[in-house]
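S.K.: pasting the sequence and the predicted model now:
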Amino acid sequence: MHEVAITEGDLDKAKNRYDFSNLNNSITEGGSQLYGAIGEVVVINHYNKNHNVVDKSSYNYDLIINDKTIEVKTKKTKFAPKDDYVVSVACSNATQKCDYYYFTMVHDDCSRGWLLGFMSRDDFFEKSILCRKGEIDPLNKNNNFIVKADCYSLKISDITNRIK
């Protein structure tokens with residue numbers, strides 16, 4: 001995992017990325033839209049230095065990096081992530097046509113974020129497990145986390161391409 005400081009400039013970029021009044025298939029019903037935009041900004045900042053990044057958001061993907069379509073998936077967190085924390089793709093978004101998922105987490109106070117890693121869409125669905133809304137997350141049984149929406153989940157430690 002790679003921790004990054006989130007600047008006021010990053011927050012401004014995130015706030016201006018979308019019309020936040022309409023987001024498809026939001027698990028939090030829009031409550032975490034800003035965090036998702038911050039995750040995208042953090043990925044852009046990280047890769048813009050050494051890679052060809054095209055900021056071309058659509059329903060299917062958020063970015064193109066080196067000619068590969070990337071869908072950024074971000075979770076809000078109160079703590080620095082650990083390897084046994086979970087990343088997810090909502091079932092309602094499982095049909096998105098992207099080459100890779102890139103996973104990030106953003107602290108709930110927007111002061112810092114974490115680049116967790118990425119993996120191909122095919123690898124993700126091969127390795128993840130289906131979690132159903134209302135059930136205790138089978139990957140997080142110890143903390144009794146109740147799944148908020150049907151989704152495919154995977155532990156951070158199982159992300160194919162971890163960011164150091």
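M.R.: Looks like it came in fine.
S.K.: and the helices in the chain?
M.R.: Along the chain, counting by DSSP state H, helices occupy 8-15, 33-48, 121-127.
S.K.: will you turn those helices into a markdown table that also has distance to S111?
M.R.: Just so you know, the C-beta spots here come from the backbone N, C-alpha and C atoms, and that holds for glycine as well. Below are these laid out as a markdown table (distance: least, Cβ to Cβ, whole Å):
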| stretch | distance to S111 |
| --- | --- |
| helix 8-15 | 10 |
| helix 33-48 | 11 |
| helix 121-127 | 28 |
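S.K.: N60 is nearest to which of those?
M.R.: Distance to N60, taken as Cβ to Cβ, is lowest for helix 121-127 among those, at 10.3 Å.
S.K.: show the pLDDT at the residue nearest to the spatial centre of the chain.
M.R.: In the chain, the residue lying closest to the centroid (Cα atoms, centre = their mean) is K73, at 1.8 Å. pLDDT recorded at K73 is 97.
S.K.: tell me, how many residues neighbour the residue nearest to K13 when sequence neighbours are not counted?
M.R.: Of all residues not flanking K13 in the chain, V41 sits nearest, at 4.9 Å (Cβ to Cβ, 6 or more residues apart in numbering). Counted with other Cβ atoms under 10 Å, residues neighbouring V41 total 27.
S.K.: from P81, how far off is V41?
M.R.: 18 Å (Cβ to Cβ, to the nearest Å).
S.K.: equivalent analysis for D62, please.
M.R.: 20 Å.
S.K.: please say which of the two ends up with more neighbours.
M.R.: D62 (24 against 20).
S.K.: for that one, what are its contacts?
M.R.: Applying Cβ atoms under 8 Å, 6 or more residues apart in numbering, we find D62 in contact with E40, V43, D55, I70, E71, V72.
S.K.: let's see it at 7 Å
M.R.: E40, I70, E71, V72 (Cβ atoms under 7 Å, 6 or more residues apart in numbering).
S.K.: how close does it get to Y101?
M.R.: 10 Å.
S.K.: shared neighbours of these two, anything?
M.R.: With Cβ under 7 Å, 6+ apart, D62 and Y101 have common neighbours E71.
S.K.: F145 is in contact with L139, isn't it?
M.R.: No. When contacts are counted by Cβ atoms under 7 Å, F145 is not listed as touching L139 (8.8 Å).
S.K.: of the two, which one has the most company?
M.R.: L139 (20 against 14).
S.K.: surely the more buried one meets Y152?
M.R.: No. Counting by Cβ under 7 Å, L139 stays clear of Y152, with 10.8 Å between them.
S.K.: thank you kindly, that will do.
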